[in-house]
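# Structure of the sequence below:
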Amino acid sequence: MQPQSFPPVIIELAEPVTEEISVSDVLVGALNFSGVIALVAVLLALLLAGALIWLRRVNPSNSLNGEETARTRMDLHIRSR
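Numbering: from 1, shown residues only. Take a look at the predicted model:
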């Protein structure tokens with residue numbers, strides 16, 4: 001029996017398709033993400049504050065606005081004799 005000869009396998013190594021990611025790339029990405037989260041939180045806080053101010057102007061007779069609480073004040077700002 002004669003051994004069969006196989007054609008040689010040639011593997012060509014090419015440059016990587018993607019760029020290498022360094023530590024600074026990861027840190028910049030994390031700071032960008034946390035900055036976006038903080039910006040969204042500030043915008044939501046401003047939206048909630050605006051809604052509360054609007055509700056106070058629309059319904060001025062609520063107990064937090066001062067009209068009803070005037071009856072229950074203890075008048076601590078008046079000097080005692």
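# what ranges of the chain fall below the confidence cut-off?
1-2, 60-81 (pLDDT under 70).
# Counting neighbours, what do you get for Ile11?
4 (other Cβ atoms under 10 Å). Quick note: C-beta positions are derived from backbone N, CA and C, even for glycine.
# typo on my end, it should be Leu55
Number of residues near Leu55 (other Cβ under 10 Å) recorded here: 13.
# can you tell me how far it sits from Leu46?
Here Leu55 is placed at a distance of 15 Å from Leu46 (Cβ to Cβ, to the nearest Å).
# any idea how far Val58 is from Leu44?
Remark: distance between Val58 and Leu44 (Cβ to Cβ) = 21 Å.
# If you could redo that for Gln4, that was the one I meant.
Distance from Gln4 to Leu44, counting by Cβ to Cβ: 72 Å.
# Going along the chain, name the helices of this protein.
Along the chain, the segments classed as helices by DSSP state H run 23-58.
# Grab the most central residue of it for me.
A centroid search over the chain (Cα atoms, centre = their mean) returns Ile37, at 1.8 Å, as the residue closest to the centre.
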